Each structure stands twice: as C-alpha cells, then as structure tokens.
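**Student:** Mind folding the following:
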Amino acid sequence: HNSTMTTGAADKTAGRVLLPSNIVPIRYDIKLTPDLEAFTFAGECKIKLSTAADLGPDHKEIIMHAKELCFASASYVRTDGDATTSSVDAEEIRVNTKATTVTFLFGTAIPANSTIYLTIKYTGFLNNQMAGFYRSSYTNIHGETKIMASTQFESLDARRAFPCWDEPARKAVFGVTLVVPRE
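**Tutor:** All right, here's what the predicted structure looks like:
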C-alpha cells in the first residue's frame with residue numbers, strides 16, 4: 001500500500017506565478033501618498049536590483065508581481081562604481097491580471113551582471129478587503145468615525161500596494177515613506 005503526502009511548501013506554491021530568478025531585488029524604497037477621501041493612493045517605488053551574469057544579450061524585460069495597480073511609468077539607471085548611466089524608459093507596460101504580474105519592456109537590453117535602480121510610478125486603490133494597502137475605520141475619543149489606511153502583506157498581498165517580487169524566498173530591505181496631511 002503506497003500513499004503520497006504533499007508537503008506544506010508545495011501547498012504554499014500551488015497556483016502561484018513564480019518570477020524568473022535572473023533579476024533579484026536588493027532594496028525597495030517605497031513612497032505612498034494615500035487619499036482617504038477618494039480611497040486611492042499614489043505610489044513611487046525605487047528598487048535596487050542585481051542582474052545575473054547569464055542574463056541574455058536580448059533580455060529587455062523586467063517581470064514583477066502587481067495586483068490592482070495602474071502604472072504611469074517605469075525607468076532604470078545602471079550604476080558602475082561612482083558612474084550612473086542615463087535613464088532608460090520602459091517602452092511598454094503590460095499588465096497580466098490573471099497572473100497578477102506586470103512586465104516592463106525596454107527598448108535596449110538590460111545589462112547583465114550589474115546593479116540597476118528601477119523607478120516605477122503608479123496608483124492604486126485603498127480597498128475594503130483587508131488586503132494590501134487598504135482602508136479601515138475607527139471611532140475616535142469624540143465618537144466620530146474616521147478612515148485610516150492599513151497594510152496586510154501576508155501571502156500574496158504586498159503586490160496590491162507596490163510592484164514587487166512577492167515571494168517568501170525573495171528577501172530584500174525596505175524603506176517606506178508615507179505622505180500624509182499634518183492633521
């Protein structure tokens with residue numbers, strides 16, 4: 001009598017779209033500006049990336065996870081010691097809603113074995129699904145209901161707040177800035 005058993009790790013990756021490993025995030029610097037009246041937010045994500053030595057000479061795309069985000073622009077610069085190259089703008093941005101990915105296509109090949117800095121400008125929605133960057137409410141000491149923004153990034157929800165490599169094995173450093181009204 002033979003029986004098969006699935007492992008927890010296999011269960012966790014079932015149905016997930018795993019991204020290519022030839023571009024690796026090192027650090028994210030994320031700036032979010034929520035609009036608590038319109039239930040939207042503006043985002044700017046600057047990501048330090050390391051490209052693999054075996055990145056092909058015709059490799060012109062960066063694929064990331066993203067869900068329910070609207071993209072305005074993407075560009076990158078390459079750093080080589082103290083020198084920085086001129087900015088390369090994405091010529092096309094393709095969103096795959098089913099796979100919850102975004103692909104940034106550039107007109108020239110992305111340099112292999114390099115450090116590049118990718119900057120992405122986008123907008124999103126403060127949903128009411130308790131996932132990603134979402135809206136919630138509370139009652140203040142005067143009995144008034146107020147709206148606040150919260151985050152929930154567990155298991156596939158970070159991609160609702162910023163484009164990223166939303167996989168547990170892809171560790172990186174994060175810097176986060178929230179732009180909010182004084183009051």
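
**Student:** for this protein, what spans make up the helices?
**Tutor:** Remark: helices assigned in the chain by DSSP state H are 8-13.

**Student:** how much space between the residue nearest the centre of it and residue 146?
**Tutor:** Geometric centre of the chain, nearest residue: residue 163, 1.8 Å, by CA atoms, centre = their mean. When distances are taken as CB to CB, to the nearest Å, residue 163 and residue 146 turn out to be 29 Å apart. Yep, even glycine has a C-beta here, placed from its N, CA and C like the rest.

**Student:** Repeat that for residue 77.
**Tutor:** Distance check for residue 77 against residue 146: by CB to CB, it reads 41 Å.

**Student:** same thing with residue 48?
**Tutor:** Residue 48 sits 36 Å away from residue 146, going by CB to CB.

**Student:** Neighbour count for those two, which is higher?
**Tutor:** Under the criterion of other CB atoms under 10 Å, the comparison of residue 48 against residue 146 puts residue 48 first, with 17 against 11.

**Student:** Pairing partners for that one in the sheet, please.
**Tutor:** The bridge-partner assignment for residue 48, based on DSSP bridges, gives residue 27, residue 117.

**Student:** right, and it touches residue 23 too?
**Tutor:** No: contact criterion CB atoms under 8 Å: residue 48 and residue 23 do not qualify, at 11.2 Å.

**Student:** beta partners of residue 33?
**Tutor:** Each beta-bridge partner of residue 33 is listed here: residue 42, as defined by DSSP bridges.

**Student:** if I read this right, it contacts residue 41, doesn't it?
**Tutor:** Yes: taking contact to mean CB under 8 Å, the distance of 6.1 Å between residue 33 and residue 41 places them in contact.

**Student:** and those two? which has more neighbours close in?
**Tutor:** Just comparing residue 33 and residue 41: by other CB under 10 Å the higher neighbour count belongs to residue 41, 23 against 14.

**Student:** since we're on the closest residue in space to that one that isn't next to it in sequence, how many residues are nearby?
**Tutor:** Residue nearest to residue 41 in three dimensions, not counting chain neighbours: residue 34, with 4.4 Å by CB to CB, 6 or more residues apart in numbering. Counted by other CB under 10 Å, the residues lying close to residue 34 total 22.

**Student:** Now do the same contact list for residue 34.
**Tutor:** Listed by CB atoms under 8 Å, 6 or more residues apart in numbering, the contact partners of residue 34 are 40, 41, 126, 133, 149, 178, 180.

**Student:** The same query, at a cut-off of 10 Å, please.
**Tutor:** 40-43, 124, 126, 133, 135, 147-149, 178-181 (CB atoms under 10 Å, 6 or more residues apart in numbering).
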